[in-house]
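following is a predicted model, sequence given first.
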Amino acid sequence: MKKIIIFTALALMLIPSLMHADLISFRVGYFIPAAASDLWDTEFENMSFLKTDFQGANFIFSYEYFMTNELSFMLSVDGYSRQKRGFYNDFVGEVVDLDYYAFDYGEGFSIEHVFSVSITPILASIKLTPMGRKGKIIPYIGGGGGVYLWTVRLYGEMIDFSFPEVFYDPNIDEFVLGYPVFDVDARDEGKIAFGFHGFGGFMVPIANRITVDVEFKYSIVKGNLTEGFEGFEPFDLSGYQITLGINYWF
C-alpha cells in the first residue's frame, strides 16, 4: 500500500506539466534485476530463492516534451516491488538446551526468512527519433539519469555462521558443528540513490494521435547499505526492463 501511495503521489506531481507536454505514456513493464552484489549473492547461495523470483511486472507513467522533430525531453516515474519467503537450502533447525541451532543434516524444522526489495525511479531522459515522428514504425533511442527511491528488508530467521559450536551427537557417535539461529528484522528504508539508464524501442501508430510502444531499457545504479546491513558492498539496483505501452500525442 505504501508503494502505491508513493507512486500515485509522484504521478500526480507531474500532472501540472501535462499542459506543456506533447506526449503522455502509460506502460506496463517487466523488470529483471541484475542482482550483482554480495547481499543478492548471499541470499541466492544460501536460500531457496531464485533470481526469477525477483522478476516482476511494474507500471510506468511518463510525459514527453518535443524540442525538435527528432529530439525530445522525457520525465517518467516507475515502480517495482517484490518480496519472497525462502528457506535455507542445506540446513535444518534443532532445539538444543532451549536454544535454536542449525545443522547440515537431520530432520529438524525449516529455517526461513523473507527478502523484500522495492525501487521507485524518477527519471529524466533525452530521446532521439532519428527518422522523425512520421511513418508506420517510429524507432527511437535515448538515455539519461535519475533519482531512485529504494528499500531493502530481511526479516524472519537467520543463521549466524560466525560462531559455530561443537556438539556431540550420540546417534552418529560424532562431534558436529551447530550454528546459532536468531530472529532478524534488518531494513534500509527510504533510501535515495542516483543512476543512469539507456533505452531503445519503436512506436507504431494505431489511430489519430495514438501509438503503441515497445521498449527495452537498462539501468545502472547502486545504493549504499547501512543500519542492519553493515559490511555489505553497495546494493545493486540495476536491471533490465521490457515494456509495452500506449502513447497519446498532443
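Structure received.

could I have stretch 153-164 exported to CSV, CA atoms only?
Once non-C-alpha atoms are left out, stretch 153-164 reads as follows in CSV (Å, rounded to 0.1, in the frame of the first residue of the first chain):
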residue,chain,number,x,y,z
ARG,A,153,14.4,-5.6,4.1
LEU,A,154,15.1,-9.0,5.5
TYR,A,155,13.0,-10.5,8.4
GLY,A,156,12.5,-13.9,9.9
GLU,A,157,15.2,-16.4,11.0
MET,A,158,18.9,-16.2,10.2
ILE,A,159,21.9,-18.5,10.8
ASP,A,160,25.0,-16.9,12.3
PHE,A,161,27.9,-18.7,10.6
SER,A,162,30.5,-16.6,12.5
PHE,A,163,30.2,-18.5,15.9
PRO,A,164,29.8,-22.3,15.4
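
could you give the mean pLDDT of that stretch?
The average of the pLDDT scores along stretch 153-164 is 94.

and the pLDDT for Lys134?
Listed pLDDT for Lys134 reads 84.

with the one 10 residues further on instead?
Confidence per residue is given as pLDDT, and for Gly144 that number is 98.

how about Leu14?
Note on Leu14: pLDDT of 47.

and the strand ranked longest in the chain, which strands flank it?
For the chain, the strand that runs over the most residues, judged by DSSP state E, is strand 174-207. According to DSSP bridges, strand 174-207 forms sheet pairs with strand 99-103 (antiparallel), strand 138-159 (antiparallel), strand 165-169 (antiparallel), strand 210-220 (antiparallel).

count the neighbours of Phe87 for me.
By other C-beta atoms under 10 Å, the residues close to Phe87 number 18. In short, each C-beta sits where N, CA and C put it, glycine included.

contacting residues around it?
Applying C-beta atoms under 8 Å, 6 or more residues apart in numbering to Phe87 gives the contacts 47-48, 110-112.

follow-up on the earlier one: buried set for the longest strand of the chain?
Within strand 174-207, the residues that qualify as buried are 176, 178-181, 188, 191, 193, 195, 197, 199-203, 205, counting by 16 or more other C-beta atoms under 10 Å.

residue contacts, Glu189?
For Glu189, the residues meeting the contact criterion (C-beta under 8 Å, 6+ apart) are 151, 153.

ok, now Asp169?
Applying C-beta under 8 Å, 6+ apart to Asp169 gives the contacts 175-176.
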